[in-house]
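In: from the sequence below, what's the structure:
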Amino acid sequence: MYTSTPHPSSKNNSISCAIVTVSDTRTPETDQSGQLLQKMLENAGHTITRYRIIQDEKFQVVAQITSLCQLEDINAVIFNGGTGIAPRDITYNAIENLLEKTLPGFGELFRWLSYQEIGSRAIASRATAGTYQGKLVFSLPGSTNAVKLATEKLILPELVHLSSQLRGV
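Out: Below is the predicted model of the structure:
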């Protein structure tokens, strides 16, 4: 039987997150996906300690994941953008080899949920998740609908539990 909370959550229900939007064109004012992600996480009681917009460049994505995952005040890094197959979509390629443990179910479930909303175009998404240097890492498509879907259906229900597992509590 499915329950919305399969494991008891730890006493600390607030997770410290960094949001990184990967885009050649967005600004803080036009980054609707990054703003939505921030709002959804904060409404759920989580803290946004860093927010950045970077270019679709592999070295920038690698630099962000490397530097953000070294910070003690961050538990999760959430990227949005660059997960498709267009020539400039490099987020997945930059992150995939850095992840120490992958959560293949995240991408599988995201694509299944996306398929129910957008049909076969869901196959083009390379959304992924895993761990790096003891931190959770999520990589979402850049569309606002995709960010909402992934955050609402997958990230928020499991963020506290996954973070607790990484900390050994």
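In: only C-alpha atoms for contact and neighbour calcs from this point on.
Out: Noted.
In: secondary structure element holding the residue nearest the centre of the chain?
Out: Nearest residue to the geometric centre of the chain (Cα atoms, centre = their mean): Phe138, 2.7 Å. Here Phe138 sits within strand 135-140, counting by DSSP states H and E.
In: list the buried residues of the helix or strand just after that strand.
Out: As assigned by DSSP H and E, the chain's next helix or strand after strand 135-140 is helix 144-150. Under the neighbour-count criterion of 16 or more other Cα atoms under 10 Å, helix 144-150 has Thr144, Ala146, Val147, Lys148, Leu149, Ala150 buried.
In: so which of those comes closest to Ala129?
Out: Nearest to Ala129 among the buried residues of helix 144-150 is Ala150, at 11.0 Å by Cα to Cα.
In: ok, that closest one touching Leu140?
Out: Yes: using Cα atoms under 8 Å, Ala150 is in contact with Leu140, at 7.3 Å.
In: and Gly81, how many neighbours?
Out: Using other Cα atoms under 10 Å, Gly81 has 28 other residues around it.
In: for it, what are its contacts?
Out: Applying Cα atoms under 8 Å, 6 or more residues apart in numbering to Gly81 gives the contacts Thr21, Val22, Ser23, Asp89, Thr91, Ser139, Leu140, Pro141, Gly142, Ser143.
In: among the residues you listed, which pair sits farthest apart?
Out: The widest separation within those (Cα to Cα) is 14.1 Å, between Thr91 and Ser143.
In: higher neighbour count, the two?
Out: With neighbours defined as other Cα under 10 Å, Thr91 and Ser143 compare such that Thr91 has more, 28 against 15.
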